[in-house]
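Enquirer: only geometry, no sequence info:
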């Protein structure tokens, strides 16, 4: 929310760097991937496979409201995450704070959703995740599933924040990011001062950089 509230690149970078620096080794790669607005890393070929209908059914059943309520909320914002937040807030969805899912638990649920067969099973996993999430957490779970955060965050800015968080040269971070295609692994390599370990992998797309 703080990232979305500022348009200043330097402030976004500083906020991100502070956040990333405080994460555990398990949380860091997951958070980095989620901040790109994807449930899985760019080099990861998996897709959650959850569409509007499945998400709408899950959220409206959880909130105890008609499907039209989510459609009306979406019409106001044109953003599914915000619409989910509005619906769950108005429905007084308030799970205990200690139940809030952790980053690893969200990542595990996304993996289970991807592996599940059929929309009913996928929706059931999403519902069990959202049941524990307050409206703000649910907002961003849905945004990541939808592949779009809309908080004014480019991947290049995220790389700059990773470099700043762990005091590594930005050019080295960008080069390793181009080779790995996985911002989560990049964050870990940067933290561990192991950027030289990044290398091309067969059948993983190589990101382009402008030639000098």
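Expert: Received the coordinates, thanks. Note that the structure is a prediction, hence the values are computed from the model and not measured.
Enquirer: CA only for contacts and neighbour counts going forward, please
Expert: OK.
Enquirer: How about the residue nearest in space to the middle of the chain: what's its closest non-neighbour residue?
Expert: Residue closest to the mean C-alpha point of the chain, counted by CA atoms, centre = their mean, is residue 34 at 2.2 Å. Distances taken as CA to CA, 6 or more residues apart in numbering put residue 144 closest to residue 34, at 6.3 Å, once the chain neighbours are dropped.
Enquirer: Just give me the neighbour total for the one you found.
Expert: Using other CA atoms under 10 Å, residue 144 is surrounded by 21 other residues.
Enquirer: can you check residue 122 too?
Expert: Neighbours around residue 122, by other CA under 10 Å: 23.
Enquirer: Please report how far the residue nearest to the centre of the chain lies from residue 202.
Expert: 24 Å (CA to CA, to the nearest Å).
Enquirer: Check residue 71 too.
Expert: According to CA to CA, residue 71 stands 43 Å off from residue 202.
Enquirer: neighbour count winner among the two?
Expert: Neighbours per residue (other CA under 10 Å) separate residue 71 from residue 202, with residue 71 holding more: 16 against 7.
Enquirer: Spatially nearest residue to the more buried one (excluding sequence neighbours)?
Expert: Closest to residue 71 by CA to CA, 6+ apart is residue 83, at 7.9 Å.
Enquirer: Who are the contact partners of that neighbour?
Expert: Residue 83 makes contacts with 70-71, 73-74, 76-77, 139, as judged by CA atoms under 8 Å, 6 or more residues apart in numbering.
Enquirer: And the buried ones among those residues, selectable in ChimeraX?
Expert: Here is the ChimeraX command that selects only those of the contacts of residue 83 that count as buried (16 or more other CA atoms under 10 Å):
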select :70,71,73,74,139
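Enquirer: who's in contact with residue 154?
Expert: With CA under 8 Å, 6+ apart, residue 154 has these contacts: residue 36.
Enquirer: On the pLDDT front, check it for me.
Expert: Looking at residue 154, its pLDDT stands at 89.
Enquirer: distance of it from residue 36?
Expert: From residue 154 to residue 36 the distance is 7 Å (CA to CA).
Enquirer: Flag the shaky bits of this protein, pLDDT-wise.
Expert: 209-212 (pLDDT under 70).
Enquirer: Which stretches in it count as helices?
Expert: 2-5, 9-21, 27-34, 52-63, 67-77, 80-90, 103-115, 119-130, 135-146, 155-165, 170-180, 183-191 (DSSP state H).
Enquirer: Just the residues contacting the first one, thanks.
Expert: In this case it means helix 2-5. Contacts of helix 2-5 (CA under 8 Å, 6+ apart): 12, 15-16, 150-153.
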